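# Below are the sequence and a predicted model; questions follow.
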Amino acid sequence: MPKSIMAVNAGSSSVKVTFYTFENPPRTIADAQVSGFTAPPPTFKYQRGDYQHKEELENTINTPQDAFQFILHRCFNDPELSEVASDDDLSYICHRVVHGGDYTEALEINDDTLHHLETLEDLAPLHNFSALEIIRLCKNKLPSVKSITFFDSSFHQTMPLHVKTYPINQEIAKQNGLRKYGFHGISYSFILRSVAQYLNKPAEKTNLIVMHIGSGASICAIREGKSIDTSMGLTPLAGLPGATRSGDIDPSLVFHYTSDAGKLSPASTKEMHISQAEEILNKQSGWKALTGTTDFSKIAMENPPSESHKLAFDILVDRILGYIGNYYVKLGGEVDALVFAGGIGEKSALLRRTLIEKTGSLGVAIDSDANDQGPEDKTVKDITKGGGKGPRVLICQTNEQFEMAYHIVTTRS
């Protein structure tokens, strides 16, 4: 029996695992996810074909490694999942890692590459730690299976020097790796390939403004298939506000917010050092700080429950508009499509409609019925109003796990 691919997407509070066939294109065998282990009780979701299962778990799962091992045990012991009964059935494990520093492409984990990734943890302690913990676990528990890491930052290595350089002392900047990196790159890679195919254009001739709007949100300007700018920076904190992230602020603000900004947060551990400033701006800000909820569907409403909810919505719209205008100019007005993606971008008809109405000067317009219907079961859906002279308006249901598996089967067959 041909071996399978396991794609792992680890976050601070959830771990997602998808098993794929080793064929082009990859076919999903099973999906499994444990979420909420930082806000118990954790929840386990599992889908295999038409079979779906969901259950609350006991509070014995407290870390990404716990969640990953639970998923492996359940999947390997599912008698109906014959394609994946043990690690002997796996050819590769794909890992999503947010921060890859200067790495330009996916790489196979060995002692040297793992050590280098560990040196990057201080650049992204809130984002790389979970993934590296699972990579170390796989190296120890599944040593016969090759682990391949994919980096969200790799897609943006094509940004021009003047875009990714911060105007600070360059000797210190280079010594400490202080520059714009950008993130959500695995998602942007999937979106570029899918949208270019939909438009029947070569990716290298496709120009897009892509909005990956979720609890973590960013925007990317793509010219001729390459990232020329993106809203996130040294870390995913920069740019747009998110569920708990502030997004761009005056850099001095946090020092006025608290005199303890430089001290270690209580969330720090021996392996993971997080400052109070990082904790406040990454975990205690965003629309949760404004409204008390991280659920954007409770904010993006025609009649929001409070002025604070309306304010949170208006702030996100305002910040996105700023980047759309910026990137439209940087692309010289040559934009094939504005693309909505990410959990909120794909689901919130109100956010899409509001943004497109406010960018009407660019010649964009949407079909109300198509917008209200959402993406349905399509990877790419066109919601452009007929007769428009500006860019197309598209929804793309992004899939980071698939993108990693697709890369494996097209480069390592």
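Yep, that arrived.
# switch to C-alpha atoms for all contacts and neighbour counts from now on
Fine.
# now the helix or strand of the chain with the lowest mean pLDDT: how far from the chain's centre is it?
The least trusted helix or strand in the chain, going by mean pLDDT, DSSP states H and E, turns out to be helix 111-119, with a mean of 88. How far helix 111-119 lies from its chain's middle: 22 Å, per C-alpha atoms, centre = their mean, to the nearest Å.
# CA atoms only: put that helix into CSV for me.
C-alpha atoms of helix 111-119 as CSV (Å, rounded to 0.1, in the frame of the first residue of the first chain):
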residue,chain,number,x,y,z
ASP,A,111,20.0,18.0,14.2
ASP,A,112,21.5,21.1,12.5
THR,A,113,18.3,22.5,11.1
LEU,A,114,16.5,21.9,14.4
HIS,A,115,19.2,23.7,16.3
HIS,A,116,19.0,26.7,14.0
LEU,A,117,15.2,26.8,14.3
GLU,A,118,15.6,26.7,18.1
THR,A,119,17.7,29.9,17.9
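# what's it in contact with?
Residues outside helix 111-119 that contact it (C-alpha atoms under 8 Å, 6 or more residues apart in numbering): 100, 132.
# who does the next helix or strand after it touch, helix- and strand-wise?
Reading on from helix 111-119 to the C-terminus, the next helix or strand found by DSSP states H and E is helix 129-141. On a contact count with 3 or more C-alpha pairs under 8 Å, 6 or more residues apart in numbering; DSSP states H and E, helix 129-141 meets strand 4-10, helix 64-76, strand 90-97, strand 146-151.
# Highest mean neighbour count across these, which stretch is it?
A comparison of the helices and strands packed on helix 129-141 by mean neighbour count, using mean count of other C-alpha atoms under 10 Å, puts strand 4-10 on top with a mean of 26.
# what's downstream of it, the next helix or strand?
strand 14-21.
# Which strands or helices does the helix or strand that that next one is followed by pack on?
Using DSSP H and E, the helix or strand that follows strand 14-21 in sequence is strand 28-35. Applying 3+ C-alpha pairs under 8 Å, 6+ apart, we find strand 28-35 packed against strand 14-21, strand 43-48, helix 64-76.
# How about the most centrally placed residue in the chain, nearest residue that isn't a chain neighbour?
In the chain, the centroid-proximal residue (C-alpha atoms, centre = their mean) is residue 184; its distance is 4.2 Å. Nearest residue to residue 184 in three dimensions, chain neighbours excluded: residue 152, at 5.0 Å (C-alpha to C-alpha, 6 or more residues apart in numbering).
# contacting residues for that neighbour?
Counting by C-alpha under 8 Å, 6+ apart, residue 152 touches 96, 97, 98, 99, 100, 182, 183, 184, 185, 186, 187.
# and the nearest residue to residue 157 once chain neighbours are set aside, how many neighbours?
Excluding its sequence neighbours, the residue lying closest to residue 157 (C-alpha to C-alpha, 6+ apart) is residue 104, at 6.3 Å. Using other C-alpha atoms under 10 Å, residue 104 is surrounded by 15 other residues.
# ok, residue 104 touching residue 149?
No - if you go by C-alpha atoms under 8 Å, residue 104 and residue 149 don't touch, sitting 11.5 Å apart.
# Which positions in stretch 285-305 come out as buried?
285-291, 293-294, 296, 299-301 (16 or more other C-alpha atoms under 10 Å).
# from these, which two are the most distant?
Spanning the widest gap among these are 285 and 301, at 20.7 Å by C-alpha to C-alpha.
# And residue 346, which helix or strand is it part of?
Counting by DSSP H and E, the element that carries residue 346 is helix 342-347.
# which element follows that helix toward the C-terminus?
Heading C-terminal from helix 342-347, the first helix or strand you meet, by DSSP H and E, is helix 349-358.
# could you give me the average pLDDT of that next one?
For helix 349-358, the mean per-residue pLDDT is 98.
# Please name the nearest non-neighbouring residue to residue 382.
Residue 382 sits nearest to residue 394 (C-alpha to C-alpha, 6+ apart), 4.6 Å away.
# Show me this structure divided up by domain.
By the assignment in automatic domain parsing, the chain contains the domains 4-151, 202-396.
# Run the chain-centre distance for the shortest one.
Read that as domain 4-151. Computed by C-alpha atoms, centre = their mean, the chain-centroid distance of domain 4-151 equals 15 Å.
# which stretches of the stretch 1-150 of the chain aren't confidently modelled?
Counting by pLDDT under 70, the stretch 1-150 of the chain has low-confidence residues at 1, 125-126.
# if we go to 90?
Along the stretch 1-150 of the chain, segments meeting pLDDT under 90 span 1-3, 11-14, 35-41, 58-64, 82, 85, 87, 111-112, 115-130.
# Next up, phi/psi of the nearest residue to residue 150 once chain neighbours are set aside, please.
Once flanking residues are discounted, residue 150 sits nearest to residue 106: 4.6 Å by C-alpha to C-alpha, 6+ apart. The phi and psi values for residue 106, taken as degrees, to the nearest 10, are phi -60, psi 150.
# Just the local confidence number for residue 163, please.
Residue 163 is assigned a predicted lDDT (pLDDT) of 98.
# Can you list the buried residues in the helix or strand it falls within?
Secondary structure assigned from DSSP H and E places residue 163 in helix 161-164. Neighbour-count burial for helix 161-164, counted by 16+ other C-alpha under 10 Å, picks out residue 164.
# And stretch 69-86, end to end?
Start to finish, the residues bounding stretch 69-86 are 12 Å apart (C-alpha to C-alpha, to the nearest Å).
# For that stretch, give me every contacting residue.
Stretch 69-86 is contacted by residues 1, 3, 4, 17, 19, 29, 32, 33, 34, 48, 89, 90 when judged by C-alpha under 8 Å, 6+ apart.
# My read is that the third one contacts residue 94, right?
Which is residue 4. No - using C-alpha under 8 Å as the test, residue 4 is too far from residue 94 to be in contact (11.2 Å).
# Now do the contacts for residue 372.
For residue 372, the contact set (C-alpha under 8 Å, 6+ apart) comprises residue 349.
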